[in-house]
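Engineer: structure, please.
(one chain, ligands or ions: 1)
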Amino acid sequence: MRKKLVAGNWKMNTTRQTAVQLARELVAAAGQETAVEVVVCPPFPYLLLVREVLAGSRIALGAQNLHPEPKGAFTGEVSPVMLTDCGCQWVIVGHSERRRDLGESHEFIRRKLVAAVHHGLQVILCIGETKPERDAGQTFQVVRAQLQDSLPALTSDQLQAVVVAYEPVWAIGTGVNATPEQAQEVHAFVRRWLGEQFDAKTAENLRILYGGSVNASNAGALLAQPDVDGVLVGGASLQASEFLAIIRSARR
Ligand code: PGA
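Structural biologist: This next block holds a predicted model:
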């Protein structure tokens, strides 16, 4: 049985005060959640603050990015060693906003993935097609290439530290989520690919999240799909009540 995972990607939002407030509200209402795994990914400057609020709860701390090198002359970057030192258990890799806006290459994403796992972090690896790619019927091709360019760098054992997040780019921050059927179709494709590329056990155990305009109203139907093992939530994770409602819908 794959335990459902609900992850909040706060992106470049919150202040010191609102980050702490949001984390407090989550801890108060879902701090001892056992049926669903909950992760929050605040901006770098607030990781330590949020970590203090999460201490003693079951909500895990994640970062939104990392650099593959453990240390060195990489101005402005944050290493996997620093993340674990700050109490992070998770990190997001390959988010489309970084692929697209910051020009992250497949190769760089692969290096990040490998470094994160090597340093004991669990990874949410994001993949997904753009609107023109979907319209051209290239969704599976794009998703396969993104998987192919990253996951074979890991062994089946190491893949236990990875979840894949299918996030169609056209659904991110647009209010237009993929339908449960569209999500299920791609998730099933990803699971088949995992079975072919690795083995049946890996394909069966690896969690595949859906992301892109998930909110309290659509989460239930998405999470009811057989291959949707959780959600990666952006905008709706900034409001405690909304995020808590999404966690509740993952319990069923
Ligand atoms: P969204 O973002 O929920 O605001 O669409 C999701 C994501 O980018 O992870």
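Engineer: from here on, just use CA atoms for contacts and neighbour counts.
Structural biologist: Fine.
Engineer: where in the chain is pLDDT low?
Structural biologist: Across the chain, not a single residue meets the criterion (pLDDT under 70).
Engineer: and the strands in it, which stretches?
Structural biologist: Counting by DSSP state E, the chain forms strands over residues 5-9, 37-41, 60-63, 90-93, 122-127, 162-166, 208-211, 230-233, given from the N-terminal end onward.
Engineer: what parts of this structure come near the ligand?
Structural biologist: Near the ligand, the residues belonging to the chain are N9, I172, G173, G211, G212, S213, V214, L232, V233, G234, G235 when assessed by C-alpha under 6 Å from any ligand atom.
Engineer: who does the residue nearest the centre of the chain bridge with?
Structural biologist: The geometric centre of the chain, computed from its C-alpha atoms, lies nearest to I124 (C-alpha atoms, centre = their mean), at 3.8 Å. The partner list for I124 in beta bridges (DSSP bridges) reads I92, V163.
Engineer: distance check, it against R248.
Structural biologist: In this view, I124 and R248 are 21 Å apart by C-alpha to C-alpha, to the nearest Å.
Engineer: surely A245 meets A216?
Structural biologist: Yes: the pair A245 and A216 passes the contact test of C-alpha atoms under 8 Å, sitting 5.5 Å apart.
Engineer: distance of A23 relative to the ligand?
Structural biologist: Here the distance between A23 and the ligand works out to 18 Å (C-alpha to the nearest ligand atom, to the nearest Å).
Engineer: give the residues shared as contacts by A245 and A216.
Structural biologist: Any residue near both A245 and A216 by C-alpha atoms under 8 Å, 6 or more residues apart in numbering counts here, and not one turns up.
Engineer: give me every residue that touches Y210.
Structural biologist: When contacts are counted by C-alpha under 8 Å, 6+ apart, Y210 is found next to A165, Y166, E167, A183, L222, V228, D229, G230, V231, L232.
Engineer: pull up the gap between it and K112, please.
Structural biologist: 21 Å.
Engineer: quick one: contacts for A250?
Structural biologist: Contacts of A250 were listed using C-alpha under 8 Å, 6+ apart, and they are K4, L5, V6, V36, A219, G220, L223, G230.
Engineer: nearest to T14, of those residues?
Structural biologist: T14 lies nearest to V6 out of the contacts of A250, by C-alpha to C-alpha, at 19.1 Å.
Engineer: just checking, that closest one touches E33?
Structural biologist: No: in this structure, V6 sits apart from E33 without contact. The criterion is C-alpha under 8 Å, and the distance is 11.2 Å.
Engineer: comparing these two, which residue is more hemmed in?
Structural biologist: For V6 versus E33, the count of surrounding residues by other C-alpha atoms under 10 Å is larger for V6: 26 against 16.
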